[in-house]
Structures are given as C-alpha cells and as structure tokens.
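[1] Let's see this in three dimensions:
(6 chains)
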6 protein chains.
Amino acid sequence: METKEIYLETLITASPQEGRELAIKLARKSIAAIQPDSEIRKGLRKDYAEDTAKLIASSQVIATEFQTIAMANNFWK
Amino acid sequence: METKEIYLETLITASPQEGRELAIKLARKSIAAIQPDSEIRKGLRKDYAEDTAKLIASSQVIATEFQTIAMANNFWK
Amino acid sequence: METKEIYLETLITASPQEGRELAIKLARKSIAAIQPDSEIRKGLRKDYAEDTAKLIASSQVIATEFQTIAMANNFWK
Amino acid sequence: METKEIYLETLITASPQEGRELAIKLARKSIAAIQPDSEIRKGLRKDYAEDTAKLIASSQVIATEFQTIAMANNFWK
Amino acid sequence: METKEIYLETLITASPQEGRELAIKLARKSIAAIQPDSEIRKGLRKDYAEDTAKLIASSQVIATEFQTIAMANNFWK
Amino acid sequence: METKEIYLETLITASPQEGRELAIKLARKSIAAIQPDSEIRKGLRKDYAEDTAKLIASSQVIATEFQTIAMANNFWK
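    Numbers count the residues shown, from 1 in each chain, chains lettered A, B, ... in the order given. Coordinates of the predicted model:
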C-alpha cells in the first residue's frame, strides 16, 4: 500500500461530541480518497451542500461511521 | 478541530422515546454540519418535508442513529 | 426538548410479530416527526404505496428498525 | 394494534438456507404492510423484477433482514 | 415453504477471501430469488455491470452480506 | 468456486488508518468482482469521481466495510 496522509490514529475520542466530529471527518476523507483532486472536490461541495437528497445521503454515511466510533468507545458510558 | 456547538453530551437517555428524539436531533445536526447556513437549510426544509423519497431517506438515517443510541442504553432494559 | 406524543414506551415486545409491527410504527413516526402535517402525509401516502422504489426504501427502514428491536428482545429466544 | 396475519412466529430457523428464505419473506411482508392491496402489489411486481436498480435495492433489504436472522440463530454455528 | 435449490449450507468459510466470495454469491442469489428467470437476469447483467450507480449499490449489498459472514466466522481471528 | 486473485488474507490491520485503506480496497474489489473488465472500470471511474451522489454512495460502502474491519480488530483498543 502506498504511503498516505495519516488521518486516523485512533477511534477513541474524549466525548460523544468529538465522536460526531470524527465521524464527519471520516466521511470527508472517504470522498477525498476517491476524488483526490481538492479543486474538483471544492467544485462539488456546493453541489451537495444545497441538494437535499445528497445532504441526507451524507448524513447516512455520518450515522454509519458514528456507530462504529460509538462502539469503539463503548458508547462513552 | 475548531470549536463547535456542543450538541451531544451523552448518548444516554431516560427513555426510548427520548432516544428517538435524540436520533432525530443527531440526523438534523449532520445536515447542519454539512450545510452550516441556516437560511439555506430553511429553504431546503420544504423540499424534503413534502418529498416522499427524501422523507423515507431521512427516516433511514434516524433508524441508524437510533440503533446506536439504543445500544448505548442497553435498549433501556 | 418540547413535549411530544409518547409513542415508544419500550422496545420490548411479546413476540417477533409484534416486533415487526413496532418497527413499522417507528418508521411511520419518523416520517411524522419530519412532516408533522397529517393532511400532507395523507397526500404523500398514495405516492409511496404505489411506487416500487419507495416501497423498497420503506422496507429498508423497517428492516433496520426491526434489527434494533430484535436485539433489544434478545431475538425472542 | 389491530389484529393482523401472524407471519413471524420465530426468528429461529433450522438452517442458513431457511434463514435466507425467511429474510425474503420478511422483506415481502414489509411491502405488503405498506401496500395491503395484493392486486396493486401484483401490478408492481413486474416493475421491480425487471428493473436492476430495484432488484439491487431489494437485495439490500434481504441482506439486512438476513443479518438480524443470522444473529438470532447465532449464525447456525 | 416450497423446495428450493440449497445454496447456503453454512456461513462458515475457510478464509476471509472465501467469505467475500460467499457474500457475492448471496447477493446474486437474492437477485435470482426475486427474478427467477435466468434469461431476464442475463439481459439485466450488462445494465448493472456498466452503470456506476448500480455497481456501487451492488457493492453495498456485498458489504452488508460480508459483515454478517465475518461475524459468523468471528472475523477469522 | 473458481480460482480467483487472493486480495483478502486477513481483516486484521496494524492501525485504524490501515483499516480505512483496507475498507477502500474491499469496496473497489467488489466493483471489480461485478465488472471484471479493467478497461470498462477505468471508463467508469471518471463517472463516479466527479459525481457527488456516487461519491457519497461510495463512501457509504466504505463506512460499512470499515465497520466490519473495526469490529474484527476490536477497534484497535
């Protein structure tokens, strides 16, 4: 595997709130992995931030990533 | 990570009903994280509240968030 | 959080069949939470009950809600 | 809750194969719960059996239902 | 339940790689269960093998089936 | 089952970051399993790398694969 930016050192976060932020970050990093050109991504950004269906689909990805993070943190119990 | 509103202090809720409400809140906060402009979100709101496909997609997000919350609460058993 | 109708007192059901019915109820309540106007919902109902793609998407929501309920009931074993 | 046909007495099946069959049955029963008119369902059937996107979406529902059933059966180990 | 081809005797596989192959097989068998006519399926095959959205949707089904299989095998640890 | 390239020897990875990379690899291998012609896949690549809806759908697949991998690694705790 080629060398890449290390963006995920741990799934453990100090709080549920930070878990949400990590979930959003992971969702964004997946997009960046598939479309590495940041200029193209910027061009696409408006496309999904003002399109309801894409906003909902993005929040589904966040919900799935968050479930994994929450399990990793034993739900911050 | 920049400072953000703290909207999720805990996944623990007093009842399943409150768990549902938290799931809906988390789904909404994901939308707000991607589209921070509340005026644009208000404009989009009618778009999904009267579009069946988007309502169903939204309820899928809620179902996923709720599953995480239910696990965190050991299903309120 | 504002006061709302209590529609989910427990995830525990007497049987798998009742678990299915609860899953369907939860899916419907999510729609109602996003679109509180029952007249609009009635108007949308025909839209999804006769549209295959929306029927399938709805059954995906039910499957996810049911998974949570089944776990809560330790699969009625 | 009104009286309905009992189609799910248990999630326990004798084999993984029967678990698949139950998953397919549950997916179908969800459709029937939303669209109770069997004549309309028959009319829709051709619509999804010959439409690739709908076939894939249906198999996603089956995969989710099967995951629940497999967990209930401790994966038939 | 009518007699059907037995295509799933066990979820246990010798390796993760075989688990992937089983996941793909299960996804295909779901399509076959809904559309039993192999000639129609052949006609649809080109439709999804050259359509990006359908390829991605199919890989979502495989990911879900694989999760179940991986759990059944205790992740081949 | 016919002989195929072995691309998944283990779900265990040294770090969460490598887990993400494996999740992306699995998602890609699913596409390749359905569409084995690498020339056609190259032609499709631009299609999804510049289409927001497909990028989001792809990141949903990655999220699901990653959840499985994270569970296999006991979340790298």
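[2] Quick check, central residue of chain A?
    By CA atoms, centre = their mean, chain A has its centre lying nearest to residue A:27, at 2.2 Å.
[3] in the helix or strand hosting residue A:17, what counts as buried?
    Assessed by DSSP states H and E, residue A:17 sits inside helix A:16-34. Going by neighbour count (16 or more other CB atoms under 10 Å in any protein chain shown), the buried part of helix A:16-34 is A:16-24, A:26-31, A:33-34. Backbone N, C-alpha and C define where each C-beta goes, glycine included.
[4] near chain C, which of the residues you listed show up?
    Checked against chain C using CB under 8 Å from any CB of the partner chain, the buried residues of helix A:16-34 give no members in range.
[5] show me where pLDDT drops low in chain A?
    Judged by pLDDT under 70, chain A has its weakly predicted residues at A:1-4.
[6] excluding its backbone neighbours, what's nearest residue A:47?
    Spatial nearest neighbour of residue A:47, excluding adjacent residues (CB to CB, 6 or more residues apart in numbering or on different chains): residue F:52 at 4.6 Å.
[7] got the contact list for the one you found?
    A:44, A:47, A:48, A:51, A:54 (CB atoms under 8 Å, 6 or more residues apart in numbering or on different chains).
[8] Could I have the PyMOL command that selects the buried members from the residues you listed?
    Selection of the buried residues among the contacts of residue F:52 in PyMOL, burial being defined by 16+ other CB under 10 Å:
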select buried, chain A and resi 44+48+51+54
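[9] now, the most widely separated pair of the contacts of residue F:52?
    Using CB to CB, the two most remote members of the contacts of residue F:52 are A:44 and A:51, lying 10.5 Å apart.
[10] Between the two ends of stretch A:70-77, how far is it?
    10 Å (CA to CA, to the nearest Å).
[11] Going by neighbour count, which residues in it are buried?
    A:70, A:71, A:72, A:73, A:75, A:76.
[12] Mind picking the one among those that's closest to chain F?
    Checking the buried residues of stretch A:70-77 against chain F with CB to the nearest CB, the nearest one is residue A:72 at 3.6 Å.
[13] For residue A:43, the count of nearby residues, please.
    Residues near residue A:43, counting by other CB atoms under 10 Å in any protein chain shown, number 12.
[14] which residues in chain A form helices?
    A:16-34, A:38-49, A:52-72 (DSSP state H).
[15] need the residues of chain A near chain E, please.
    Counting by CB under 8 Å from any CB, no residue of chain A is near chain E.
[16] Hmm, residue A:47 is touching residue A:58, no?
    No - between residue A:47 and residue A:58 there is no contact, the gap being 11.3 Å when judged by CB atoms under 8 Å.
[17] Who are the contact partners of residue A:66?
    Counted by CB under 8 Å, 6+ apart, residue A:66 has contacts A:19, A:20, A:23, B:26, B:65, B:68.
[18] repeat that with 6 Å
    residue A:23 (CB atoms under 6 Å, 6 or more residues apart in numbering or on different chains).
[19] Now do it against residue E:40, distance only.
    As judged by CB to CB, to the nearest Å, residue A:66 and residue E:40 stand 40 Å apart.
[20] could the helices of chain A be laid out in JSON lines, adding distance to residue E:7?
    Shown next, in JSON lines, are the helices of chain A (distance: least, CB to CB, whole Å):
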{"stretch": "helix A:16-34", "distance to residue E:7": "33"}
{"stretch": "helix A:38-49", "distance to residue E:7": "39"}
{"stretch": "helix A:52-72", "distance to residue E:7": "28"}
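[21] interface residues of chain A facing chain B?
    Selection of chain A residues close to chain B by CB under 6 Å from any CB of the partner chain yields A:16-17, A:20-21, A:24, A:49, A:52-53, A:55-56, A:58-60, A:62-63, A:67, A:70, A:75.
[22] mind running it again at 7 Å?
    A:16-17, A:20-21, A:24, A:49-50, A:52-53, A:55-60, A:62-64, A:66-67, A:70, A:75-77 (CB under 7 Å from any CB of the partner chain).
[23] wait, which of the contacts of residue F:52 is closest to chain C?
    residue A:54 (15.8 Å).
[24] doesn't residue F:53 make contact with the closest one?
    Yes - Residue A:54 is within contact range of residue F:53, at 6.0 Å (criterion: CB atoms under 7 Å).
[25] count of residues packed around the residue nearest to residue A:20 when sequence neighbours are not counted?
    Spatially, and ignoring its direct neighbours in sequence, residue A:20 is nearest to residue B:8 (5.7 Å; CB to CB, 6+ apart). Using other CB under 10 Å, residue B:8 has 19 neighbouring residues.
[26] Just want to check the distance between residue B:8 and residue A:21.
    Applying CB to CB, the value for residue B:8 to residue A:21 is 10 Å.
[27] who's in contact with residue A:23?
    A:62, A:65, A:66, A:69 (CB atoms under 7 Å, 6 or more residues apart in numbering or on different chains).
[28] Pull the most distant pair out of these.
    Greatest spacing in the contacts of residue A:23, by CB to CB: A:62 and A:69 (10.2 Å).
[29] if we can go back for a sec, between the helix holding residue A:17 and helix A:38-49, how many degrees?
    Angle of helix A:16-34 versus helix A:38-49, following axes from the mean of the first three to the mean of the last three CA atoms, to 10 degrees, is 120 degrees.
[30] Dump helix A:16-34 to CSV, restricted to CA.
    Provided in CSV are the C-alpha atoms of helix A:16-34 (Å, rounded to 0.1, in the frame of the first residue of the first chain):
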residue,chain,number,x,y,z
PRO,A,16,-19.6,11.8,22.1
GLN,A,17,-19.4,15.2,20.5
GLU,A,18,-15.8,14.5,19.4
GLY,A,19,-17.0,11.2,18.1
ARG,A,20,-19.5,13.1,15.9
GLU,A,21,-16.7,15.3,14.6
LEU,A,22,-14.6,12.2,13.9
ALA,A,23,-17.5,10.6,12.0
ILE,A,24,-17.8,13.7,9.8
LYS,A,25,-14.1,13.7,9.2
LEU,A,26,-14.1,10.0,8.2
ALA,A,27,-16.9,10.6,5.8
ARG,A,28,-15.0,13.5,4.2
LYS,A,29,-11.8,11.5,4.0
SER,A,30,-13.6,8.8,2.0
ILE,A,31,-14.6,11.3,-0.6
ALA,A,32,-11.1,12.6,-0.7
ALA,A,33,-9.7,9.0,-1.2
ILE,A,34,-11.9,8.5,-4.2
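[31] Distance from the chain centre to that helix, please.
    Mean-position distance between helix A:16-34 and its chain equals 2 Å (CA atoms, centre = their mean, to the nearest Å).
[32] Then stretch A:38-58?
    With CA atoms, centre = their mean, you get 13 Å for stretch A:38-58.
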